[in-house]
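**Q** build the 3D model from these lines:
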Amino acid sequence: MKRFALLALAVLVSAAAFVAIGGADPGDSLDLTGVATPNAAVPGVAPADRLSPQVRQVAVAQGSTALENPTGVITYYGYEADVPNFVPTAAAPGTEAQKTEPDKNTYLVFKDGLHGADPGYDYGTHFLFQGHEAGVTLHPSPPPFAGTVKQSYITRINLDADAAHRVTLLAYQDENRNPLQTIDGSTWDPWAQKLLFTTESTNAPTYAAGANYPTTVEDLSGSLGRGGYEGIQDDGDGNIWIVEDIGGSTKPGSVNAKAPNSFVYRYVPKSPGDLRHGKLQVLQVLDDSGSPITVASQAAVNSPDQVALHGYGTSFKTNWVTIHDTASDGSAPFVANTLAKAANGTPFKRPENGVFRPGTHFGEFYFTETGDTNATSTENATAGGWGSVFKLTQRGPSDDHGRISVFFKGDQAHTGLDNITFLSRNQLSAVEDAGAGLHTARGLDSGWLLDATTDYSQAGNAPVRWFAQGRDASATLDAAASPVGFGKNEDDNEITGIHVSDGDPGPNGILGAKAPNLPAGNDKWRWFYTRQHGDNVTFEVVFDR
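**A** Predicted coordinates for the structure are as follows:
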């Protein structure tokens, strides 16, 4: 069913019922009827997903989908064959296969097609790429890694292919034959013609890889650095924006309030597409006196800087501060988080992902802050404990100065905000990773629709739930196990990898370059997400027509 927002026919209906923001262009906004409540987290119960009636979801791959080119224990899309069984069983704990948690999705269309493991097969033109966030632990880990490392990999879902060729294993080692560390974020750099992958670990590499098979994975630790990177995104000038997620320690004198410990970065290449030579910068926010808001200034419980930063109606000046320049600092691997702190960058409570608003010429950047994901945090209502969505505004993406403000301040019903994407020119979808404790307190995770033209400080303005996630049988069994997941895998399902794109691999296809038009009926724009944990299913969300 096609449903467009028409200014001339705008009807005053409660925001809890549906979203229809004015504008004649269907790319401005979507009409999605809200789902009233989340699914309850009841032990032993596996509730079904519930979506807005205007959309439905179609599985494009699941954990037990066999790879067309398996190797060793890497044999399935979302499971490694380290043990025989996919499904956990109370009678045989410890025999459940390692789930690999496919994460951020990147959709691309190559008109000339791509190769796969079968040289005689036509793989079509539409492809969806993922890195995997978990994997089998290697004992001992090979140098230069200390301790243990989990073997991860990169996959490509061939959306036009048959079942036997549906998923291609692209890589599980880098160019130096080191095992790929667990991957979180991904994007496409149209100038380098490379996929970029981030790894959510303080001393793990940042990777670049080609889209074709076979591919080579490059380690970019000497230019983009190492960090707890998660979100990664290009802008129209060829810069690369990175959002970091490293949890902080509990603040002394608090209840479950974590110190901000993660940063927002921008890599400025020597020229667009140069992934080896450039500057890495950290975002610095200035308080009202013109002093940087730093780790130290947010160390106390409910520090004035942190409370002000999370207050509606406040706006702060920002700077980009260079922390590493290959021209002067060389190309040895470095840890960005350490340099960011030394340069008085501004940390946040676990920022996760960021995206540019279409139609702003990359002048508005929105990023999520997950928060403390604990119902008892001392800083929930005051200093970002419930999480937030921030808006960074600049005249252009390469400007060194801007302003930041909180766009949406979370609460118990809207918390653990993680992956985000624009569904239209004005509407931003944020999906949750609230964690099992909050699931028990207020229900399983949801997908939300926020509008960039709405003032959420005003009473009655609230996000619309387009998706109430359920829980598949495997995740339900893991949640009930003791220890959770039999000590190996996680419990409740998580929404991740939400991604809307027309697949254009050129600069005009960068997310934010143009407004999505999902319900247009031309099948050009596509919408994906992954249900992590449990069965690890990747879905396409489609409009009923």
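
**Q** give the contact list for the most centrally placed residue in the chain.
**A** Nearest to the geometric centre of the chain sits Asn419, at 3.6 Å (C-alpha atoms, centre = their mean). Asn419 sits next to 104, 231, 352-353, 368, 430-431, 495-499, 529 when contact means C-beta atoms under 8 Å, 6 or more residues apart in numbering. In this view, the C-beta of every residue, glycine as well, is placed from N, C-alpha and C.

**Q** top of these by neighbour count?
**A** Ranked by neighbour count (other C-beta atoms under 10 Å), the contacts of Asn419 have Thr368 at the top, with 32 neighbours.

**Q** ok, back up a step: so the residue nearest to the centre of the chain sits in a helix?
**A** No: going by DSSP: H, G, I helix; E, B strand; the rest coil, the assignment for Asn419 is strand, not a helix.

**Q** how near is it to Ser291?
**A** Here Asn419 is placed at a distance of 33 Å from Ser291 (C-beta to C-beta, to the nearest Å).

**Q** now do Gln57
**A** From Gln57 over to Ser291 the distance is 48 Å, taken as C-beta to C-beta.

**Q** okay, these two: which has more neighbours?
**A** For Gln57 versus Ser291, the count of surrounding residues by other C-beta under 10 Å is larger for Gln57: 17 against 11.

**Q** per-residue pLDDT, that one?
**A** What the model reports as pLDDT for Gln57 is 97.

**Q** which non-adjacent residue is nearest it?
**A** The shortest distance from Gln57 to any non-neighbouring residue, by C-beta to C-beta, 6 or more residues apart in numbering, is to Phe539 (4.2 Å).

**Q** Leu128 now?
**A** In space, Leu128 is closest to Ile157, 4.2 Å off (C-beta to C-beta, 6+ apart).

**Q** got the contact list for that neighbour?
**A** So Ile157 contacts Val60, Ala61, Tyr77, Phe127, Leu128, Phe129, Gln130, Arg166, Val167, Thr538 (C-beta under 8 Å, 6+ apart).

**Q** export those to a markdown table and tack on distance to Gly512?
**A** What follows is the contacts of Ile157, written out as a markdown table (distance: C-beta to C-beta, whole Å):
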| residue | distance to Gly512 |
| --- | --- |
| Val60 | 24 |
| Ala61 | 27 |
| Tyr77 | 29 |
| Phe127 | 21 |
| Leu128 | 19 |
| Phe129 | 19 |
| Gln130 | 21 |
| Arg166 | 30 |
| Val167 | 28 |
| Thr538 | 23 |
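
**Q** of these, closest to Gln394?
**A** Nearest to Gln394 out of the contacts of Ile157 is Phe129 (C-beta to C-beta; 28.9 Å).

**Q** mind checking the SS state of that closest one?
**A** strand.

**Q** how many residues are close by it?
**A** Phe129 has 23 neighbours, counted by other C-beta under 10 Å.

**Q** from the contacts of Asn419, which land in strands?
**A** If you go by DSSP state E, the contacts of Asn419 have 104, 231, 352-353, 368, 430-431, 495-499, 529 in strands.

**Q** and these as CSV, adding distance to Leu392 and pLDDT?
**A** Shown next, in CSV, are these (distance: C-beta to C-beta, whole Å; pLDDT from 0 to 100):
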residue, distance to Leu392, pLDDT
Lys104, 20, 97
Gly231, 13, 96
Glu352, 15, 94
Asn353, 13, 97
Thr368, 12, 98
Ala430, 16, 98
Val431, 20, 98
Ile495, 24, 97
Thr496, 23, 97
Gly497, 23, 97
Ile498, 20, 98
His499, 21, 98
Tyr529, 24, 98
